[in-house]
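# sequence first, then the predicted structure, then my questions.
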Amino acid sequence: MKKLLLVDDDDNLRYLLSSYLINEGFVINSVNSVQSALVIIKQDRPDLIISDIMMKQLDGYDLIKLLKLDSLLIDIPIIFLTAKGMTFDRIKGYNLGCHAYLTKPFNPQELLAIIKNIFYNIDLFKMKFIGNLHKKYDNHEIIKLLTYREKTILELILKGYMNKEIALKLNIGLRNVEKYVSRLLSKTKSRNRTELVQLILG
């Protein structure tokens, strides 16, 4: 089940939207400030964030800027919900890296469609990445030996993720990650991660 984080200082909207999304099969964390959101994000990394822009102290723009400072969090997709509908504000949101922008009031079914589309595109990208990896390095005969999970972990290693970061990213135990990395090293006859990356990237 996908984990969503809802950040909005409107208690009524958070309650209604949380109830709707829970009924649609999502796990929801709901907070009323960016500060609280950052605590939740560090403890239990969400798959997607839905955030208001106009909030006291830190706002939605601040939230996305702070996420971009952390390599573990930079890829979390963000949807902005806001009463601000000016073109300049929307452009600012997109330039900062938000995936979608809905102006209040909005239809929750439209939000649901956007969420599903974002996850579909992420899954499609992952599938294409693994497929391209297979085609590009097929001459090594290495990729054929790997399971889907091993390919996924290899992808993260190539992106520079460390074991703890991979465990957080995939929501699995650190020992499991270590076992998968050991298998990758064994199957590729690499002595360490550096050799593994050099082998795959040529």
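Right, received. Where do you want to start? Residues are numbered from 1 along each chain as shown.
# end to end, how far does stretch 24-42 reach?
25 Å (C-alpha to C-alpha, to the nearest Å).
# mind listing what's buried along it?
Of all the residues in stretch 24-42, those buried under the rule 16 or more other C-beta atoms under 10 Å are 24, 26, 28-34, 37-38, 40-41. For glycine as for every other residue, the C-beta is placed from the backbone atoms N, C-alpha and C.
# can you give me how far that stretch is from the chain middle?
Relative to its parent chain, stretch 24-42 has a centroid offset of 14 Å by C-alpha atoms, centre = their mean, to the nearest Å.
# just the mean pLDDT for it, thanks.
Averaging pLDDT along stretch 24-42 yields 92.
# residue contacts, the residue nearest in space to the middle of the chain?
Nearest to the mean C-alpha position of the chain, counting by C-alpha atoms, centre = their mean, stands Ile76 at 3.3 Å. Contact partners of Ile76, counting by C-beta atoms under 8 Å, 6 or more residues apart in numbering, are 41, 45-49, 67.
# please redo it, this time with the cut-off set to 7 Å
By C-beta atoms under 7 Å, 6 or more residues apart in numbering, the residues touching Ile76 are 46, 48-49, 67.
# now those in a markdown table, with distance to Glu195?
As requested, those are exported to a markdown table (distance: C-beta to C-beta, whole Å):
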| residue | distance to Glu195 |
| --- | --- |
| Pro46 | 34 |
| Leu48 | 36 |
| Ile49 | 37 |
| Leu67 | 32 |
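# buried among the residues you listed? Make that a ChimeraX selection.
The following ChimeraX line selects those of these that are buried, judged by 16+ other C-beta under 10 Å:
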select :46,48,49,67
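# now, among the contacts of Ile76, which is nearest to Asn171?
Nearest to Asn171 among the contacts of Ile76: Pro46, at 11.0 Å, using C-beta to C-beta.
# so the residue lying closest to that closest one once chain neighbours are set aside: helix, strand or coil?
Of all residues not flanking Pro46 in the chain, Leu5 sits nearest, at 4.0 Å (C-beta to C-beta, 6 or more residues apart in numbering). Three-state call for Leu5 (DSSP: H, G, I helix; E, B strand; the rest coil): strand.
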